[in-house]
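> quick one, what's the 3D model for this:
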Amino acid sequence: MRPVGIVDAASHLPEHEVGREFFERHARPDDPLLRHPMFRAPEFRRYARRDETGADLIERAIGALAGRHGWDTVRGVDVLLTYNGLPDVPFLGSGAEVARRAGLHPTTIVDVHNGHCAVLPHLLDLATTLLQRAGADSALLCVAQTAGRIFTQPTVRVSAHASVPGDGAAVVLLRAGARPASPILATAVHHYPEYAPDVGITLDDGRLYWEPGTAEMDIRFDGRKAENVVERGTKIVPEVVRAACAEAGVDLAGVDLLITNQPNRLLLRNWARDLGIPAERHFDTFDRYGNLFGAGAPVNLDHALRAGRLRPGSLLVLAGFAGAGELAAAAVVRWGGDSGDSSDKAVWRVGRNEHER
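So this is what the prediction gives:
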């Protein structure tokens, strides 16, 4: 199987920053979830403007990537995969619009609507498969999150869970070839469709989200659902990480950096503890940007690179879970190559989609 690797990542965060005090000022003191550890607020988060779309944020992240690698490199990609947590237009993803703005002419454009918080390792799995075909040598993965601003609505911001999400976007450039700079050693994707009904939205007037009305859209949460999400997330992310590491033939003790989605401090702590990875090797930007949903892992990858946290030979694991736990995914990457070992002992194994109960 032809090797595929990560070339680089770039991100863009909206300018509008909101501190914790904004939500403390509006918090409802009788909210039963106010002190739930799942909803402990980050110090800051960023929000897209009302008129700012996911495609806008992706376009700026692509511009940052092109600034480092040149527009010819970016515009030459063969595969474009996009995920937009809050679609800019009903029925459509952002792929065609992103391609139009950036001047891309890929042979394949796919808008991915699942994956959510685990979308980066999920996209790495999909992209690696697509790049195995003849004539496809590079891919651009684009992730946008602009749903954070939903939680600033007057009747929503009083809820405990409103203070956690933020907005942002990131892109990741991949290339296939004999010896990619940072090869993807393995991926794993596990599906749990039995948990899908636990994800939903609510409107106080009882209307469906597409029906006319004035009630503000919110995410449905209660104490039981919060406990279920924490319990599932604590379990399924370490499981999928172990599966990907086993597929790659690497030991968890050798992981130099773990990057996950960042739903809250509780799950970040639980994952590092379960996997035996010291907190200093589990990179996050939670206090700066909050829960970025699907954009969390790629934004953190860009920030980790700029902070010098990945050096040639570093073993990187990217992981996360989606929604209420209906999907978990992980990818193992040898950053900057194999640190001098040219034995090809990691056989570029791209993981299987699995349904585990």
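
> quick check: bridge partners of Asn84?
Per DSSP bridges, the residues bridged to Asn84 are Ala144.

> my guess is Val110 meets Leu80, correct?
Yes - using C-beta atoms under 8 Å, Val110 is in contact with Leu80, at 7.5 Å. (Glycine included, C-beta is placed from N, CA and C.)

> anything in contact with each of the two?
Common contact partners of Val110 and Leu80 (C-beta atoms under 8 Å, 6 or more residues apart in numbering): Gly95.

> who has more neighbours, those two?
Leu80 (26 against 18; other C-beta atoms under 10 Å).

> ok, the more buried one to Arg100 distance?
11 Å (C-beta to C-beta, to the nearest Å).

> what do you get for Pro29?
48 Å.

> those two: which has the busier surroundings?
Arg100 (11 against 6).

> okay, and that one sits in which element?
Secondary structure from DSSP states H and E places Arg100 in helix 95-102.

> show the average pLDDT along the following helix or strand past that helix.
Sequence-wise, the next helix or strand downstream of helix 95-102 (DSSP H and E) is strand 108-111. With pLDDT averaged residue by residue, strand 108-111 scores 97.

> returning to that earlier point: which parts of the helix holding Arg100 are buried?
The neighbour-count check on helix 95-102 (16 or more other C-beta atoms under 10 Å) flags 95, 97-99, 102 as buried.

> what's the answer for stretch 326-339, then?
326-338.

> what's the answer for stretch 153-173, then?
For stretch 153-173, burial by neighbour count (16+ other C-beta under 10 Å) applies to 156-157, 159-173.

> what do you get for stretch 310-317?
310, 314-317.

> try stretch 285-296
Neighbour count says stretch 285-296 has 285-286, 288-296 buried, by 16+ other C-beta under 10 Å.

> so which of those is the closest to Ala188?
Of all those, Ala188 sits closest to Gly294, with 17.6 Å by C-beta to C-beta.

> how about that closest one, nearest residue that isn't a chain neighbour?
Val119 (3.9 Å; C-beta to C-beta, 6 or more residues apart in numbering).

> which SS class is the one you found?
helix (DSSP: H, G, I helix; E, B strand; the rest coil).

> any idea how far the nearest residue to Arg50 once chain neighbours are set aside lies from Asp30?
Leaving aside its sequence neighbours, Arg50 sits nearest to Arg149 (C-beta to C-beta, 6+ apart; 7.4 Å). The gap separating Arg149 from Asp30 is 25 Å, by C-beta to C-beta.

> with Gly223 instead?
13 Å.

> more neighbours: which of the two?
Neighbours per residue, other C-beta under 10 Å: of Gly223 and Asp30, the larger number sits with Gly223, 11 against 6.

> low-confidence ranges in this structure?
337-357 (pLDDT under 70).

> where along it do the helices fall?
Along the chain, the segments classed as helices by DSSP state H run 20-26, 54-69, 71-75, 95-102, 119-130, 223-248, 265-275, 286-289, 296-306.

> what is the fourth one packed up against?
It stands for helix 95-102. Packed against helix 95-102 by the contact rule (3 or more C-beta pairs under 8 Å, 6 or more residues apart in numbering; DSSP states H and E) you find helix 54-69, strand 79-84, strand 108-111.
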